[in-house]
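Have a look; sequence and predicted model below, questions after that.
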Amino acid sequence: MKTVLITGGVRGIGKGIALAFQKKGYRVCVTYSKDEKSAEEMKALGFEVFQSDVAVEEEVLSLFQQIGKVDILVNNAGVALVKQIQDVSYAEYERLMSVNLGGAFLCTREAVKGMIPQKSGLIVNISSVWGEVGGSCESVYSASKAGLIGFTKALAKELGYSGIRVNSVSPGMIDTAMNAHFTAEDIEAIKEEIPMGKIGAVEDVARAVLYLEENDYVTGINLPVNGGFSIV
């Protein structure tokens, strides 16, 4: 049985991806940082759940010691920050970057140690439409997600000779708790900018990840899942 690890996998997009892989018969491991309630709910559904702050190297090392070799890594754990740049503290900047980009680095570094000897593996980084086009008042978040896209392309070149594929998915406006800060008016305004005129669901992102799992000649791409929002 193949093992998939999904960071930040107890709710929202991560949970949707976990459910999709569970249906395919994978051993599904998910991480969380603080949300104990959601973690318990995932355990009840049959998932292997691990508490780990992906921004802390020691915790990531411990995580992989517990799980062992993984066949698929989905770097989904992330935090958001909505502030004008002049109001962002350096501590806020550091924390966001250490989770969104640093966490992907740490987990990828450990995952490939098991993938390289077997000459196979898949890494999927969950970026964002803001990593493609930038988001006003989310400059630091946008930078971290753009970094994931660059990380993806570089790693695809580096690891392709080892049989490891690396791709990213860039969700647009998805109906999750992370977007709860938007008012109803905000949502309607955003819909007007989306060619398909609607908000996406976590299942839309999960299907994109499964597409990348199923197509073993696809690597180094960023797959937008945003209803056309990033079309230029």
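Yep, that arrived.

Strands of the chain, start to end?
3-6, 27-32, 48-51, 72-75, 121-126, 164-171, 222-225 (DSSP state E).

From the contact counts, what lies against the fifth one?
Read that as strand 121-126. strand 72-75, helix 103-118, helix 139-159, strand 164-171, helix 202-214 (3 or more Cβ pairs under 8 Å, 6 or more residues apart in numbering; DSSP states H and E). No exception for glycine: its C-beta is placed from N, CA and C like everyone else's.

now, of those, which is deepest in the fold?
Comparing these by mean neighbour count (mean count of other Cβ atoms under 10 Å), strand 72-75 ranks first with a mean of 27.

quick revisit: of all the helices and strands packed on strand 121-126, which lies closest to residue 54?
Minimum separation from residue 54 across these (Cβ to Cβ) falls at helix 103-118, 3.1 Å.

got the helices and strands packed on strand 121-126 as TSV, with distance to residue 191 and mean pLDDT columns?
Shown next, in TSV, are the helices and strands packed on strand 121-126 (distance: least, Cβ to Cβ, whole Å; pLDDT from 0 to 100):
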stretch	distance to residue 191	mean pLDDT
strand 72-75	27	98
helix 103-118	30	98
helix 139-159	20	98
strand 164-171	15	98
helix 202-214	15	98
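
Among the ones you listed, which comes closest to residue 190?
strand 164-171 (13.1 Å).

In space, not sequence, find me the middle residue of the protein.
Nearest to the geometric centre of the chain sits residue 76, at 2.2 Å (Cα atoms, centre = their mean).

Tell me the gap between the helix or strand bottoming out on mean pLDDT in the chain and the middle of its chain.
The weakest-scoring helix or strand in the chain, judged by mean pLDDT, DSSP states H and E, is helix 184-193 (a mean of 87). The chain centre lies 24 Å from the centre of helix 184-193; the measure is Cα atoms, centre = their mean, to the nearest Å.

Contacts for it, please.
Residues outside helix 184-193 that contact it (Cβ atoms under 8 Å, 6 or more residues apart in numbering) are 173, 182, 197, 198, 199, 229.

Can you list which of those are found in helices?
Residues from the contacts of helix 184-193 lying in helices, with DSSP state H as the criterion: none.

Pretty sure the residue nearest to the centre of the chain sits against residue 7.
Yes. With contact defined as Cβ atoms under 8 Å, residue 76 counts as touching residue 7 (5.4 Å).

With that, I have no additional questions.
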